[in-house]
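1. model this:
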Amino acid sequence: MTGPIPFPEIDPVAFAIGPFVVRWYALAFIAGLLAGWGYMVTLLRRPPVTMTSQQVGDFFSWAIVGVIVGGRLGFVGFYQLDFFLANPLQILAVWNGGMSFHGGLLGVIVAIILYARRYNILVLTLGDLVAAAAPIGLFLGRLANFINGELYGRATDVPWAVVFPDGGDIGRHPSQLYEAGLEGLLLFVILFALARFARARYRPGLLTGVFLLGYGSARTFVEFFRQPDNYVGDGGFLLWGSTIGQWLSTPIAIAGLIFIVYAVTHDRLDNNRSAAKPAQ
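-> All right, here's what the predicted structure looks like:
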């Protein structure tokens, strides 16, 4: 039996122009936003047309703010609240790292609600478009986590174990790739099939529910292989050996079930549904 796989020598810096450094994670973030934007516009070429392409572009500026503010505040509140209460100015030091997906999700939800109300769009129809596109960003983001050698998995002797630079000299689960496959690729395919072949967008909230259920379930599962964040609990472990990621993800999955039940028990959209109001 061969030993664990050495971590591939991938420079986390994609390129540099003088003092200006661009990392793969930043490129993944930008590519995820652009690809998600384009995919949402593509979905709107088929009925129901619930908003305009211009509104999609305008919404992304709101979404970016939601991701950054929500992601940072989520990290502060969920992981290191005591530290940041003692050092409040460090909350602004985002260049030192520290973002939470769950916080970013809450930030995007707030952005969806505010934008939809501002432009008289059904909240759930906008949420469905965002949910259909979100796995693209998740997939690219988890690949970037792998390239950075961060958020790696627990120690293991499986044949595909990887020795990460900051994970000691032992093999570990490449849990970033597990998440890329489940939260990203698989969830995207499921949502694409529902939108394309099952006319799921005529059931407002259905794609949102499937995304929340899929992400929450996938993240809860992968947490059994991912090295827990040691900011909380005993070495990152909480009650019954659970992790903070599982405690945050389980309610998301439950919320997804509620959205799915709501969507299939309420009226469908009309075939002629169109954007109610152009962006100002």
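
2. and stretch 221-230, average pLDDT?
-> What stretch 221-230 shows for mean pLDDT is 91.

3. Next up, identify which helix or strand residue 25 is on.
-> Residue 25 belongs to helix 24-43 when assigned by DSSP states H and E.

4. Quick check: mean pLDDT of that helix?
-> 92.

5. who does that helix touch, helix- and strand-wise?
-> strand 13-17, helix 53-78, helix 123-148 (3 or more Cβ pairs under 8 Å, 6 or more residues apart in numbering; DSSP states H and E). The way it works is simple: take the backbone N, C-alpha and C, and place the C-beta from them, glycine included.

6. Could you pull up the residues touching residue 226?
-> 151, 152, 153, 154, 173, 175, 178, 179, 243, 245 (Cβ atoms under 8 Å, 6 or more residues apart in numbering).

7. Hmm, the fourth one is touching residue 173, no?
-> In this case it means residue 154. Yes. Between residue 154 and residue 173 there is a contact under Cβ atoms under 8 Å: 5.8 Å.

8. Between these two, which is the more surrounded one?
-> residue 173 (21 against 16; other Cβ atoms under 10 Å).

9. What separation do you get for the more buried one and residue 138?
-> 18 Å (Cβ to Cβ, to the nearest Å).

10. what's the answer for residue 18, then?
-> 32 Å.

11. More neighbours: which of these two?
-> residue 138 (23 against 5).

12. Go ahead and confirm the more buried one touches residue 181.
-> No. Applying Cβ under 8 Å, one finds residue 138 not in contact with residue 181, separated by 10.4 Å.

13. about what we covered before: tabulate the helices and strands packed on helix 24-43 in a markdown table, adding columns for mean pLDDT and distance to residue 169.
-> Listed next are these as a markdown table, based on pLDDT from 0 to 100; distance: least, Cβ to Cβ, whole Å:
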| stretch | mean pLDDT | distance to residue 169 |
| --- | --- | --- |
| strand 13-17 | 83 | 25 |
| helix 53-78 | 90 | 29 |
| helix 123-148 | 96 | 19 |
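
14. so which of those is the most packed in?
-> helix 123-148 (a mean of 23; mean count of other Cβ atoms under 10 Å).

15. How about the contacts made by the residue nearest to residue 139 when sequence neighbours are not counted?
-> Spatial nearest neighbour of residue 139, chain neighbours left out: residue 184 (2.6 Å); criterion: Cβ to Cβ, 6 or more residues apart in numbering. Applying Cβ under 8 Å, 6+ apart to residue 184 gives the contacts 135, 136, 138, 139, 140, 142.

16. And the fourth one, how far from residue 187?
-> Relative to residue 187, residue 139 is positioned 9 Å away (criterion: Cβ to Cβ).

17. returning to that earlier point: between the contacts of residue 226, identify the one with the most neighbours.
-> Neighbour tally across those (other Cβ under 10 Å): the maximum, 28 neighbours, falls on residue 179.

18. do you know how far that residue is from residue 171?
-> 18 Å.

19. No more questions from me, cheers.
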